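Asker: Got a predicted structure plus its sequence, pasted below:
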Amino acid sequence: MKKTTLLKKLINDPEILVMPGAYDVLSARLIEAAGFKAVQCSGFGFAASLLGLPDIGILSSTQMLEITRSICHAVDIPVMADGDNGFGNAVNTYYTVREFEAAGAAGINLEDQISPKRCGHITGKQCISAEEMVLKIKAARDAARDPDFVINARTDAYMVYGEEEAIRRGNMYAKAGADLIFVEAVTSVEGIKRVIKGIDAPVSINLLQGGRTPLVTIQELQEWGAARVSIPVTSIMAAAWGVKQALEYIKEKGTIKDLPGVIGFEEFESLVKLDKIRDLESRYLTEEEIALRYQGREGLERAKKELH
């Protein structure tokens, strides 16, 4: 099954689709290894990890595209790209979808913010008109070569104009061709229930620590009828916490011995697929090079076994 078709199926299945956010290839591999069925690219995570900046529209489309392409090539599960606001008008959106689809993404987030956009849970957001966003969605739908490529239309209207406008826009965007409606920064439990009920399409809710949306459980969202939940920044916030703790330990103890909370070297080798490199070496290196590197083919086979 194509990844686009699989992603659309997962969205439309009765079971809620949980999509943690990846900020780089390694985090995407960890999401896949943990058993999640799809991965969400996080523009917030990209901006923080690549530039050390907040998600305020500084990261370029080219930078986001290159990271997304690397993630798509590194995992076997569907990847949802973060297309921000299409990086311009409807024409820019058309080419944005073309590029991210060609990079291997199974779908894309597109939001109705003005440029420069910002993280959906940061104050100071502004939205384009619903009519302009409808044209962007139509452009995105026409741009996708694969009819199963998922258009995830995000509205930030909830914080800007209120709940009724967010629901109105969600229904407009669904009629324009969006497969999934992402209502960002819903600020109450009752609000979550109302947007899910009021929008005649699959609805996605976003959860993040310190955000505007109450941290309800995935099971509760499932019971209320949400099609998808994205958890976009927990991975990078957890990584930042882990690195911070490790560095403080080294600073205090003067050693890395008994450092807690660190993945083992062998497990890390598996995560970066060193076993595949060994297999390629056994197939394509000359006997002379294998002898230099491993003291012969038997040494290479021992090295391969050490990984398992």
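Answerer: Okay, I see it.
Asker: Tell me where the protein has strands.
Answerer: Listed in chain order, the strands of the chain (DSSP state E) span residues 17-22, 39-41, 79-82, 107-111, 150-155, 180-183, 203-206, 228-231.
Asker: Relative to Arg141, which of the ones you listed is closest?
Answerer: strand 150-155 (6.0 Å; C-beta to C-beta). Heads up, the C-betas are built off the backbone N, CA and C, glycines and all.
Asker: how about the helices in the stretch 101-250 of the chain?
Answerer: For the stretch 101-250 of the chain, the helices defined by DSSP state H, counting those that start in this stretch cover 130-143, 157-160, 163-176, 189-198, 218-224, 234-253.
Asker: which helices and strands does the longest one pack with?
Answerer: Under the contact definition 3 or more C-beta pairs under 8 Å, 6 or more residues apart in numbering; DSSP states H and E, helix 234-253 sits against strand 17-22, helix 25-33, helix 43-51.
Asker: May I have that helix exported as CSV, CA atoms only?
Answerer: Listed next in CSV are the C-alpha coordinates belonging to helix 234-253 (Å, rounded to 0.1, in the frame of the first residue of the first chain):
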residue,chain,number,x,y,z
THR,A,234,7.3,16.7,23.1
SER,A,235,10.2,14.9,21.4
ILE,A,236,12.4,18.0,21.1
MET,A,237,11.5,19.2,24.6
ALA,A,238,12.4,15.7,26.0
ALA,A,239,15.6,15.7,24.1
ALA,A,240,16.5,19.2,25.4
TRP,A,241,15.7,18.0,29.0
GLY,A,242,17.9,14.9,28.5
VAL,A,243,20.9,16.8,27.2
LYS,A,244,20.5,19.4,29.9
GLN,A,245,20.5,16.7,32.6
ALA,A,246,23.5,14.9,31.1
LEU,A,247,25.6,18.1,30.9
GLU,A,248,24.8,19.1,34.4
TYR,A,249,25.8,15.6,35.6
ILE,A,250,29.1,15.9,33.8
LYS,A,251,29.7,19.3,35.1
GLU,A,252,29.0,18.2,38.7
LYS,A,253,30.6,14.8,38.7
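Asker: Contact partners for the nearest residue to Ala185 once chain neighbours are set aside?
Answerer: Distance criterion C-beta to C-beta, 6 or more residues apart in numbering; nearest residue to Ala185, sequence neighbours excluded, is Arg212 at 4.2 Å. Going by C-beta atoms under 8 Å, 6 or more residues apart in numbering, Arg212 touches His121, Met159, Ala185, Val186, Thr187.
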